[in-house]
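Enquirer: Got a predicted structure plus its sequence, pasted below:
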Amino acid sequence: MADEWRDKVLIHPHVKAQLPPCPRCSGGLQIAGLLWQGIHICAKATCLTCGAKLVADLPMGHATCFPYVADLELRAVYGSELGMSWLGKPFLDSLLHPKWKRVSALRIQRRLPATHVVLLNCLDYLYGHALLKLLNADRYQPGPGRPGLVVVVPECLAWMVPAWAAEVWSVGGPLPELRDYSPALRRDLEEQLQRFHLVELSPAAPHPPTFDISHFTGFSSYANPAPDARISFIWREDRLWRQPSWSQSRLIQRLRPTTFFLAWQNQAVVRFFETLRLSFAKARFTLLGLGRSTCFPDWIDDQRVNSFRTTSEAAHCRAYSESQLVVGVHGSNLLLPSAHAGATLDLMPDGRWGNMTQDILYQEPDPRVAAWRYRFVSCDVGPLQAARYAEEQLRGLEIHRLLYGAGTCEEAE
């Protein structure tokens, strides 16, 4: 694990990082200090040639792929156009319009003593982004001569921070507020850094490739096929399966007949389960996810919740780990299910194909088996066809595990 400790940036007692040239004149930048925006951890910098005062992303989180430099005087931001609309411009806007109203208090949980630490910043206004950054904690397990780990998370994820973290700093309040720049939160965060002799910044890869999900939730991935294993549908009420195409018209969207479309989704899920029940009679058909609208037959184990708490999210993770298959509409709601379940069928809405795989936490090292274990179909597919895909996926997965798990056969001489 030695390589996992490289490529960190020093942020305390001073900032030491390589910055891009000045976007105004291409001159060199001199670091003047730290500015912790929240999602972004930045260096305040001055151009040695033209004197411009700038705020530059340090390489962490999505800034490892899309780093931005903000020029507050010119009200401009510079960087890749690929992330400009959802990352660069909101970054600039937050600095130009700080929220002076204090966010929820910063809660500090001290677990282990440490003077030299790596800081893993998981703050984000999107649940999925924050969770994905948290998974980087698996890279910083303790060992001789290694620094401690400080994890900074939205409060809703604090329960998942691994036991080996030296400290957990959690920020409460609604997730959307974490897109803003709060000078009060910045002051609190930067003050906490003063307690340590040395603080390095984790790159916090935006979608880490390897991790053990049990270190975060306490539940391992589904590993023991059984006839009575669950087949689970992950319910959500803001992006629906089987929403008819005519519902996308502007008039219908303004009227928002939510109850009608949720009933439509309900019937699709029931028919999907009924069809699979013919082939998997002993399976426990389970409904998980967020929102309690509409009712289901008694033979469906309805574990949906109206809001997640630590206990309910842990209970859901247990059910995911007992599921031979989870099915749901594309989104962050499939991250934890896909990490725990034996297989995942991802229903893709039009317009989301460019984000395919971003909601999957792959737990399969063999790409040939992974192609069966994690599958993507259009949201337009009906429940009968979806059930056929699901049955083929489950039957084929076992066959492919046997084929590719047998190793390479050598020809007899």
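Expert: Alright, I've got the coordinates. The structure displayed is predicted, hence computed values, not measured ones.
Enquirer: Now do the same for the residue nearest to G291 when sequence neighbours are not counted: helix, strand or coil?
Expert: Once its chain neighbours are removed from consideration, G291 has its nearest residue in E237; the separation is 3.9 Å (C-beta to C-beta, 6 or more residues apart in numbering). C-beta here means a position set from N, CA and C on the backbone, and glycine is covered the same way. The local conformation at E237, judged by DSSP: H, G, I helix; E, B strand; the rest coil, is coil.
Enquirer: wait, doesn't E237 sit right on R292?
Expert: No - at 9.2 Å, E237 and R292 do not qualify as touching, with contact defined as C-beta atoms under 8 Å.
Enquirer: what about the two, which has more around it?
Expert: The residue with the greater number of neighbours, taking E237 and R292 and applying other C-beta atoms under 10 Å, is E237; the counts read 16 against 13.
Enquirer: so which strand or helix has the residue minimising distance to the centre of the chain?
Expert: By C-alpha atoms, centre = their mean, the mean C-alpha position of the chain lies nearest to G128, the distance being 2.7 Å. Element membership for G128, per DSSP states H and E: helix 127-134.
Enquirer: now that helix: how far from the chain's centre is it?
Expert: Distance of helix 127-134 from the chain centroid (C-alpha atoms, centre = their mean, to the nearest Å) equals 3 Å.
Enquirer: immediately after that helix, which helix or strand?
Expert: Once helix 127-134 ends, the next helix or strand along the chain (criterion: DSSP H and E) is strand 148-154.
Enquirer: which strands and helices sit next to that next one?
Expert: For strand 148-154, the elements it packs on are strand 116-121, helix 127-134, strand 167-171, judged by 3 or more C-beta pairs under 8 Å, 6 or more residues apart in numbering; DSSP states H and E.
Enquirer: closest to H400 out of the ones you listed?
Expert: Between H400 and these, the shortest separation by C-beta to C-beta is 27.1 Å, and it involves helix 127-134.
Enquirer: packing partners for the closest one?
Expert: Under the contact criterion of 3+ C-beta pairs under 8 Å, 6+ apart, the helices and strands touching helix 127-134 comprise strand 116-121, strand 148-154, helix 335-340.
Enquirer: Would you mind checking the average pLDDT for stretch 36-55?
Expert: Across stretch 36-55, the average pLDDT comes to 97.
Enquirer: picking up where we left off before, I'd guessed the residue nearest to the centre of the chain sits against H330; true?
Expert: No - applying C-beta under 8 Å as the test, G128 and H330 come out as separate, 11.0 Å apart.
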